[in-house]
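J.: Return a 3D structure for these sequence lines:
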Amino acid sequence: MLFMVIESFREGRAPDIYRRFRDHGRLAPEGLRYVSSWVDLEFRRCFQLMEAEDESLFRQWTSHWEDLAEFEVVPVRTSADAAAAIAPQL
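T.: Residues are numbered from 1 along each chain as shown. Below you'll find the predicted structure:
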């Protein structure tokens, strides 16, 4: 299953986030797979596409970062899957 993670950096903490990532990696539990990410130009938010079969893995992962950021985890589907799902209603 795919998830869009919206990570909102706490004020002034972007350098700390990048430092921890540099020193310790993503700190994700086994079964939580990083796909790709994008960061806004002001270093306030990061949008991460991740994959997992068990949504509870996100709680394990975010617990390592809660002092530096807040997280919103949104289950998503590809555009192709969305088009197929809505097609019967068209």
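
J.: quick one: contacts of the lengthiest helix in the chain?
T.: If you go by DSSP state H, the chain has its longest helix at helix 14-24. Contact with helix 14-24 is made by 9, 27, 43, 44, 65, 68, 69, as judged by C-beta atoms under 8 Å, 6 or more residues apart in numbering. Just so you know, the C-beta spots here come from the backbone N, C-alpha and C atoms, and that holds for glycine as well.

J.: cutoff 7 Å now
T.: Helix 14-24 is contacted by residues 9, 43, 68, 69 when judged by C-beta atoms under 7 Å, 6 or more residues apart in numbering.

J.: By neighbours, which of the residues you listed wins?
T.: residue 9 (22 neighbours; other C-beta atoms under 10 Å).

J.: Looks like it contacts residue 69 (just checking).
T.: Yes - the pair formed by residue 9 and residue 69 meets the contact definition of C-beta atoms under 7 Å, at 5.2 Å.

J.: Okay, strands next: where are they in the protein?
T.: Using DSSP state E, the strands assigned to the chain run over residues 2-9, 33-39, 45-51, 69-76.

J.: I'd like to know which elements the last one is packed against.
T.: Just to be clear, that refers to strand 69-76. Contacts defined by 3 or more C-beta pairs under 7 Å, 6 or more residues apart in numbering; DSSP states H and E place strand 69-76 against strand 2-9.

J.: Which of the residues in the strand it packs on are classified as buried?
T.: Neighbour-count burial for strand 2-9 flags 3, 5, 7, 9 (criterion: 16 or more other C-beta atoms under 10 Å).

J.: With stretch 38-51 instead?
T.: Buried residues in stretch 38-51, counted by 16+ other C-beta under 10 Å: 39, 46, 48, 50.

J.: quick one: the second one and residue 89, what's the gap?
T.: Yep, that's residue 46 we're talking about. Plainly put, residue 46 is 34 Å away from residue 89 if you go by C-beta to C-beta, to the nearest Å.

J.: pretty sure residue 10 contacts residue 65?
T.: No - taking C-beta under 7 Å as the definition, residue 10 is not a contact partner of residue 65, at 9.9 Å.
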